[in-house]
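Asker: sequence plus the predicted model coming up.
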Amino acid sequence: MTEITLNTLAVKTAATLYDVHELLRKRWSARAFADKPVETDTLQSLFEAASWAPSSVNEQPWRYAYALRGTEAFDALLNCLQPSNAVWAKNAAVLIFSMADTRFKAFEQTNRHALHDTGAANTLLLLQAASCDIYGHEIGGYNREETRALLDLPDYIEDVCFIALGYLDDAEKLEEPYRTREVTPRTRKDLTQFTQML
Ligand SMILES: Cc1cc2nc3c(=O)[nH]c(=O)nc-3n(C[C@H](O)[C@H](O)[C@H](O)COP(=O)(O)O)c2cc1C
């Protein structure tokens, strides 16, 4: 890793008031991806991590479609992204599309927790990735109609987001404004803004 990348990591590591696990401090949404593939077993370990998320009635509603850089499928997924995301996501080693099956197998009703559970799975995927020095970036800026048509999604599959991931490269390889964002510290609301003791 170059000194520039090491500096980026130092800047992006969460500065927390209270002690949290190192992995949580380490994960962040990167945009500068190295020209290095993610090994098959490593990629599978990310999906395995996702599969261990908790879910309502253990329904495990998350679904993933993915493509490796250099394939036609990758380019097809990339084309669905808004240009402001495609400009950096094109360098990702893997593009993943996250979806939620909104059907409940157990009950004949809609699984209202499907999106929640899929988000939980995505977070585990990203944390497992960070543990392998792979950085993922969730993306909600994409053309929904095009993506749904590309993947031929039925109504009961909710599209959730893309995840671009790969090993890190220097922020220098990005154009502005992404270069600056890549070296800007992350911030969070104060705990008092979203918690309330009853
Ligand atoms: C569902 C979702 C959609 C997002 N969409 C985009 C996006 O379209 N473009 C982008 O650059 N970042 C996107 N992000 C990344 C967020 O901007 C990022 O998570 C947030 O700024 C916090 O930064 P951190 O993940 O580095 O802590 C998205 C994140 C999530 C969870």
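Answerer: Looks like it arrived, so ask away. Just so we're clear, the structure is a prediction, and the values are computed from it rather than from any experiment.

Asker: give me the contacts around the worst-scoring helix or strand of the chain on mean pLDDT.
Answerer: Ranked by mean pLDDT, DSSP states H and E, the helix or strand of the chain with the weakest confidence is helix 3-12, at a mean of 88. Helix 3-12 is touched from outside by 1, 26, 28, 30, 32, 168-172, 182-186, with contacts defined as C-beta atoms under 8 Å, 6 or more residues apart in numbering. Yep, even glycine has a C-beta here, placed from its N, CA and C like the rest.

Asker: gap between the two ends of stretch 98-112?
Answerer: End-to-end distance of stretch 98-112: 17 Å, with C-alpha to C-alpha, to the nearest Å as the criterion.

Asker: which positions in it come out as buried?
Answerer: 98-104, 111 (16 or more other C-beta atoms under 10 Å).

Asker: which of those residues has the weakest pLDDT?
Answerer: Within these, Phe104 has the lowest pLDDT, namely 90.

Asker: measure the residue nearest to that one when sequence neighbours are not counted to Asn122 for me?
Answerer: Nearest in space to Phe104, with sequence neighbours left out and distances taken as C-beta to C-beta, 6 or more residues apart in numbering, is Asn111 at 4.4 Å. As judged by C-beta to C-beta, to the nearest Å, Asn111 and Asn122 stand 16 Å apart.

Asker: doesn't Asp101 make contact with the residue nearest to Phe104?
Answerer: Yes - between Asn111 and Asp101 there is a contact under C-beta atoms under 8 Å: 7.5 Å.

Asker: just the pLDDT at the residue nearest to Ala171 when sequence neighbours are not counted, thanks.
Answerer: Distance criterion C-beta to C-beta, 6+ apart; nearest residue to Ala171, sequence neighbours excluded, is Glu182 at 3.7 Å. Listed pLDDT for Glu182 reads 94.

Asker: is it true that Glu182 touches Ala30?
Answerer: Yes - in this structure, Glu182 is within contact of Ala30 by C-beta under 8 Å, at 7.1 Å.

Asker: around the ligand, pick out the residues from the chain.
Answerer: 28-29, 85, 138-141, 161, 186 (C-beta under 6 Å from any ligand atom).

Asker: now those: which count as buried?
Answerer: Neighbour counting by 16+ other C-beta under 10 Å classes 28-29, 85, 138-139, 161 among these as buried.

Asker: buried residues, the helix ranked longest in the chain. List them.
Answerer: Across the chain, the longest stretch assigned as helix under DSSP state H is helix 114-131. Going by neighbour count (16+ other C-beta under 10 Å), the buried part of helix 114-131 is 114, 116-130.

Asker: since that was my last question, I'll sign off now.
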